[in-house]
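[1] A structural model of the following input is requested.
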Amino acid sequence: MCDCVPVVFKSEKVREARKEYRCIECQRTIPVGARYSYQAWKTVEDVGRGMSYVRLCLQCAADWERLLKIEEAVRGESCCCYTFFRDELEEMLELGELEMALKLGLIEDHDEMIIRWLDEWPECLMSEEELATIAAREFNDPLTTLPPELPGQLHLFSDS
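    Prediction:
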């Protein structure tokens, strides 16, 4: 969970890049002419100071918006801590919240957002059939099975 300071003002605009920027979340380059999300906010602690802001590629902005909706539905609250998207997703996975989101239909089976950030579909979210297929594949994989015994092979630990 997050211990963020409550936001008193937030503004989000889609802008066109006049120069090259870097997405604060995925660190990919936002090229000149590309559209990006510019988000600015002020917290109760920012009184007397300027606003905080971030630039996000549109994919990361959409992923954050979606994750916040999932958090709200599952936790009853949500908090956006930029640069910690993957950490937030991993925490939700560890707490069983992604499994709950899957059961509630908030995420789809093999959801591309989760695969994009976690690099693969987590085993704990796989169906029984998928787990059985993976186990069978690993069991039948010639690199993970022992070679068959050769005739006349010496058995060091046998009684004969």
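
[2] retrieve the pLDDT associated with the most centrally placed residue in the chain.
    For the chain, the residue nearest the mean C-alpha position is residue 117 (3.7 Å; C-alpha atoms, centre = their mean). pLDDT recorded at residue 117 is 84.

[3] so it, which of the three states?
    The three-state label given to residue 117 by DSSP: H, G, I helix; E, B strand; the rest coil is helix.

[4] now what about stretch 65-73, what contacts it?
    By C-beta atoms under 8 Å, 6 or more residues apart in numbering, the residues outside stretch 65-73 that reach it are 77-80, 85, 88-89, 92, 97, 101, 104, 106-107, 113. Using the backbone N, CA and C atoms, a C-beta is placed for each residue, glycine as well.

[5] give the buried residues for it.
    67, 70-71 (16 or more other C-beta atoms under 10 Å).

[6] can you lay out those residues as CSV showing pLDDT?
    Compiled in CSV, those are given as follows (pLDDT from 0 to 100):
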residue, pLDDT
67, 90
70, 90
71, 89
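
[7] just the residues you listed now: which is nearest residue 33?
    Checking these against residue 33 with C-beta to C-beta, the nearest one is residue 67 at 27.6 Å.

[8] thanks a lot, see you next time.
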